[in-house]
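Participant: What follows is a predicted protein model with its sequence.
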Amino acid sequence: MEPSLARYIWTHTKRQQVWILLIVVLSMIPYFISFDLPKLIVNGPIQGKGFGEPGATQPFMRLHYNLPFIGEVQFFSGFQLDRTETLFALSIVFLLLVIINGLFKLYINTYKGRLGERMLRRIRFDLVDRVLRFPPIYFKRVKSAEVATMVKDEVEPLGGFIGDAFLQPVLLGGQALTAMLFIMVQNFWLGTIAVVIVVIQIVLIPRMRRRLIVLGRERQLTARALSGRVGEIVDGIGAVHVHDTSNYERADIAARLGLIFKIRFDLYQWKFMVKFLNNFLAQLTPFLFYMIGGYLVIKGRLDVGQLVAVISAYKDLPGPMKELIDWDQARQDVQVKYQQVVEQFTVEGLIAPRIGALTIDAPGPMTNPLSAINLSIADDGGGMLLDRISLQVKPGETVALVSTATGGAEALAEAFARLNWPDSGKIASGAEDLFELPEAVTGRRMSYASSDVFLFHASLRDNLLYGLKHAPLTSVPYEGAAADQQRWNVHEARRSGNSDLDIRSDWIDYASAGATGPHDLFEAVRRVLDAVLLSRDILDLGLRSSADLTRHTELARRIVELRAALRTRLEQEGLSGLVVPFEPGAYNKEASIGQNLLFGAAAGPELADKALAANPYFASVLRQAGLDRTLFEMGMEIAEQAIELFADLPPDHQFFQQLAFMGAEEIPAYETLLQRLKNRPYEAVSENDRAMIVTLSFAYIEPRHRFGLLSEDLMSKIVAARNRFYETLPSELQNAIERYDPARYIAAASVMDNVLFGRVGNNHPDAPDRIRSIVYDILDELGLYAELLDVGLDFNVGAGGRRLTAGQRQKLDVARALLKRPDFLILNRPLSALDQRVQDKVLRNVLDEARCDGHSPAIVWVVTNPAMGMMFDRVIVFDSGKLVEDGTLETLLAGKGIFKELLS
Amino acid sequence: MLLKDEVGMLQRVPLFSGIEPTKLKLLAFTSDRVSYSAGQILFRQGDEGDAAYVILSGRADVLVDSDSGPIKVAELLPNSIVGEIAILCNSSRTATVRAASPLEALKISKDHFLRLMKEFPEMTIEILRVLADRLSHTTADLIDARNA
C-alpha cells in the first residue's frame, strides 16, 4: 500500500479534488464581495455619505477598487439609486450573498463528505482484501481483534480527513488570505499587525503540537493492544476460569487502562495548553486593533467605517487560521495513524491477486499427480517439521499418512492444502508449482478437512454449503426501487474500488456437488451427512427446534396426516399408552396445569412462563372459573411440600433439577412468603403474592409429582376455564398465544411437540427414545424425512460453531470437504474428537462416498491410529520429519519397520 | 399412588426402614415413578447398574442366563427392592429382571442415592447397619454350609 497518505488520497481522488478546488475558488468571489458590503452600507446610506442633498443618487453595484500598484479599477458603472433605495438594495444584496455563500458551503461539505466516505470504504476494503491475501504465517503472530480494530476504528478518522485533505488548506487559506488582503487594503499598518501575529501562530503552534503527535501514536498502539487483549480474554475465557486467573486478567487490563489514561491525560494537558496559547494570540490582534485603530480614528487618520470593516474582517481571520492549524494537526495525526496501519498490513509474501481472482467457469479436473519434491517445512522456532521429503500421490490413489508423535505428516497435509508454506523444495501438481495455481483450481478440485475446524456464526446449512460458494453464478433480477438501489450499490462500490459482486446472487456451485440446482442438492447433502454419521444429530436438532414455516411448508401442510400416522402406529404397536394426546375438551394428565389451562403455545412474552399468572386477563379468567382460590391453595400446598423437601439442601444441589416449581435461589423468598401468608385469609393476600403462589401450581403434573392435588372436579373446571379463556380472548393477546388445534401446525412449538400433539407419559422410562424412533420412521414413510433434516440444517451453530460438540464440528467439516467432490481429498486427523469405533465407521463411509458415481479422487488421510491404514491402498510412515516407509499395506506388514511397531 | 404412600412403601423396605420419613420423601420425590407392562424388561444381566427399583405393585421375575436359556431364580413382590447392590458398588447387573404382571416401581437413580447418602450421614449409617446385618447373616449361613 502507498506509504504516504497524501499520495494515496491524490492517486484515488485527484479529479474530485481538482473539481472541489475549482468550486472553492469560485465560492471565494461572493465571499470576498460580502466583506465589502458592511462598509458600503454603513458609510453610504446609513451615514449619508454621497447623499448630501435630498434626492441625490449614487451608482449601485459599481464595482471599483483601489488596488496597490494598479490604481483605480472599475468593473461596472451601476444603477442610480437614492439613499433609502440604496440601503434596501445593499441589504438585499447582503442577504443574497449570505444565501449564496451558504449554498456553496452546503455543496462543498456534502461533496467532501461523500469523497471522504468513499475513500474510507476503499481503505477498509483494501485492508480486508490484504487480510484475505496474507500468507498463513502472519496469522500466527497477529491477534484477530487487533486486525479488526485497525480496519474498523483506526482508519475511521481518515474518512473525515480525506475530504479536507486538499480542500481545507485551500479553502481556509483562501479565506484567511482574503480576510488578510481586505485588512491590508483598508489599512496597511493594521494589516501588518495581523500578519505578524499570524506568522507567530503558524510557527509556534505546530512546534508545540509535535508532542501531541507522539502521544497520539502511543495512544493508538496501546488502544490496539487493549482490544487484542480483550479479544483474547473472550476467546480464552475457559482457560481463565479453569486456572482461576480472572484477577490476573483484571490486573492486566487495569494496568493497560492506567497507561492509556496517562497517555490520554497528557494529551489533554498539552492540547488545552496549546489551545490557550492559540486563543491568546488570536485575541491579541483585536486588542491591538482597538487600541491602535481607535487612536488613528481619533487622530482622524482612519474613518470609522474602515475600522469597523477591518474589525469585522478580522472576525473572519482567527476562525480560518485556527482551523488551518487544526487541519495541520489532523493531517499529521492521520498520517501517523495511516502509516501505523499500513506498516501492519505491509507483509512479505502477500498472495498475488491472480491466485484469488474470480473464476466463474468450473476449472477442469486435476489429473496430474500431486508431488512433494525435496520438501522441507520448519516451525516458527526453526525446528524441522519435514526434512527434504519427496513423494508422489497419483490421482485416484488412497493414501494413509501414519506418523509418530513428531512425524510431520500433519505438516505435509497442511502443505498440500497450502496452509503451511515450504521453506525449501516445492509441491507440484504435475509440472506446475501447486502454490502458483489459482485458488479457483485448488479450492474446487481439492478439499481439506482437519481436526481444527472453523465454523462461521451461521446455520448448519450455510456452513455445509460454504465450500461451494466460489463465485456468483446467477444474476438476480431486480425491479423498481430495488433495481435503483442495486444500480446505486454497484456504482458506489466501483467508485470506492470495492468488489461489485452481488452477495444476493446464488453462489452455490451445484454442479460440483453433483446436483443441478437447489431442488436436487439435498440428495447430495443427505448422502454426505449420512456418510459422516451426522444425519441423526441433525434430525434430533430438527425435532427439537421450531420450523420456519415460510420455508418448511410441507410439515405444516401435512401435520394432520402426520399426527394420525403416529396414533395409528402407536396403536398397532400397542403403545398408545405412551402418549396422551391433547384434546380440546379434555384434561391431559401428563401435561402441567399451566399447559392444560392455556392449551396453546405462548408466542410472545405476555403469556410465557412466569408472566402468565400475573397477566390480568388470565387472572380474571381464573376468577370467573372459580379457580383462583383453588389454585392458590394448591400453590400453598406445593410451596410447603417443596420447602419441606428442599430447604435443607445446598442451593447447588443436583436435586433442584427435579424441582420444577421454583429455582434454588427462590426457596428463601418462598419460605418468607409462606410464613407471611399462612393463616391469612385469601382475600387479604395482595395480587402480587397471589400470582407468586398461583404460578407454582402451573408447573404441577400429577403423575410426576404425586402430591395428590388433582381431582376430577378440578380437571373439569380447568377445561372450562380453558374454553372461557379463548372465547373472550382480547385482541391484544391474539398474537401472544397459539391455541392447540388438532388440525393446525403450531408455529411456536418444536417439530416434535407438533407431531406428538400430546405429552409423553411420565411413567415410561424408555418412552422418549421409542417415540423418537417411531417419529423418524413415520417421517421417512411420509417422505418428510428430508424436510425434517432441512429444519435441522437451520440450526445456528453459534460463534465458531460452539453450539455443536467438537465431534459434530469435525463431522461437519468432513461433510463439507466431501460435498464438493474433489479430485484430491486431504484429511488431516479429521475425526480426532470421536472414539475409535466411530472414526473407523466414518472412515469406511467416507471412502465409499468419495468413490460413488464413478468418482475416484485421490484421498490422503492423516490417520490417528495406524490400524486405520488397513483401509488404504498405500501407507506412508513418517518419523521425526522424515519419510521412513512407503508402500502397500502388505509390503509394510511383511517388513520389520516402524509401521509394524506402531501397529503392535 | 401418591408420594406419601410411596414413603410408606419405602419404610417397609428393610434397607430404608430406619431412615427419617422426610428423607424418604425426598428420595421418593427425586425418584422416577415407572410403569411396565407384563413381559417388559427392567434391566438385563450384564448391563451397567444405574438405578435400584422398589416394587410398588405387581410382580417381577429375576432371571439368570444359562446355557439352556434364562432360568427364573426368584420372584419379586411389592415392597421389595432390586438392584441395590449395583448402585452401591460399580458392578454390572448379575441378573435380568422382567415384569411378570403390570408393574409399578420407583426408580432410584444411583447418582441421587449416593448424593443422599453423602448429604445425610445418619441415613448412611442406617444403610450400613442393614448391610452389615446382611453380611453377618451371610457369614453365618456360610459357616453353617461348611459345617454341614
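Facilitator: Alright, I've got the coordinates.

Participant: you'd agree A:Ala743 is in a helix?
Facilitator: No: under DSSP: H, G, I helix; E, B strand; the rest coil, A:Ala743 falls outside any helix and is assigned coil.

Participant: isn't it right next to A:Val560, touching?
Facilitator: Yes: if you go by C-beta atoms under 8 Å, A:Ala743 and A:Val560 touch, sitting 5.5 Å apart. (Glycine included, C-beta is placed from N, CA and C.)

Participant: Neighbour count: those two, which is higher?
Facilitator: Set side by side, A:Ala743 and A:Val560 show more neighbours around A:Val560, with 14 against 7, by other C-beta atoms under 10 Å in any protein chain shown.

Participant: what number of residues lie near A:Val151?
Facilitator: 20.

Participant: residues in contact with it?
Facilitator: Each residue near A:Val151 by C-beta atoms under 8 Å, 6 or more residues apart in numbering or on different chains is listed here: A:Arg124, A:Leu127, A:Val128, A:Val131.

Participant: Check for me that it belongs to a helix.
Facilitator: Yes: the assignment for A:Val151, made by three-state DSSP, places it in a helix.

Participant: What distance do you get for it to A:Ile108?
Facilitator: 29 Å (C-beta to C-beta, to the nearest Å).

Participant: So for A:Thr346, what's the nearest residue that isn't a sequence neighbour?
Facilitator: A:Met1 (6.5 Å; C-beta to C-beta, 6 or more residues apart in numbering or on different chains).

Participant: Test my guess that A:Arg587 contacts A:Met715.
Facilitator: For residue A:587 the amino acid is Tyr, not Arg. Yes: assessed by C-beta under 8 Å, A:Tyr587 is found in contact with A:Met715 at 3.9 Å.

Participant: Please identify every residue contacting each of these two.
Facilitator: A:Asn596.

Participant: what about these two, which has more around it?
Facilitator: Ranked by neighbour count (other C-beta under 10 Å), A:Tyr587 and A:Met715 place A:Tyr587 first, with 21 against 17.

Participant: three-state assignment of that one?
Facilitator: Look at A:Tyr587: counting by three-state DSSP, its state is coil.

Participant: Next up, phi/psi of it, please.
Facilitator: Backbone torsions for A:Tyr587, taken as degrees, to the nearest 10, come to phi -80, psi 130.

Participant: so who does it touch?
Facilitator: Per C-beta under 8 Å, 6+ apart, neighbours of A:Tyr587: A:Asn596, A:Met715, A:Ser716, A:Ile718, A:Val719.

Participant: List every C-alpha atom in stretch A:254-272, with coordinates, as CSV.
Facilitator: Extracted in CSV, the C-alpha atoms of stretch A:254-272 (Å, rounded to 0.1, in the frame of the first residue of the first chain):
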residue,chain,number,x,y,z
ALA,A,254,-6.3,-2.3,34.8
ALA,A,255,-2.6,-1.7,34.1
ARG,A,256,-3.3,-1.2,30.4
LEU,A,257,-6.2,1.2,31.1
GLY,A,258,-3.9,3.1,33.5
LEU,A,259,-1.3,3.5,30.8
ILE,A,260,-4.0,4.6,28.3
PHE,A,261,-5.4,7.0,30.9
LYS,A,262,-2.0,8.5,31.5
ILE,A,263,-1.4,9.0,27.8
ARG,A,264,-4.8,10.5,27.2
PHE,A,265,-4.4,12.8,30.1
ASP,A,266,-1.1,14.0,28.9
LEU,A,267,-2.7,14.6,25.6
TYR,A,268,-5.4,16.7,27.1
GLN,A,269,-3.0,18.8,29.1
TRP,A,270,-1.0,19.6,26.0
LYS,A,271,-4.0,20.1,23.9
PHE,A,272,-5.5,22.7,26.2
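
Participant: Now that stretch: buried residues?
Facilitator: The neighbour-count check on stretch A:254-272 (16 or more other C-beta atoms under 10 Å in any protein chain shown) flags A:Arg256, A:Ile260, A:Ile263, A:Arg264, A:Asp266, A:Leu267, A:Trp270 as buried.
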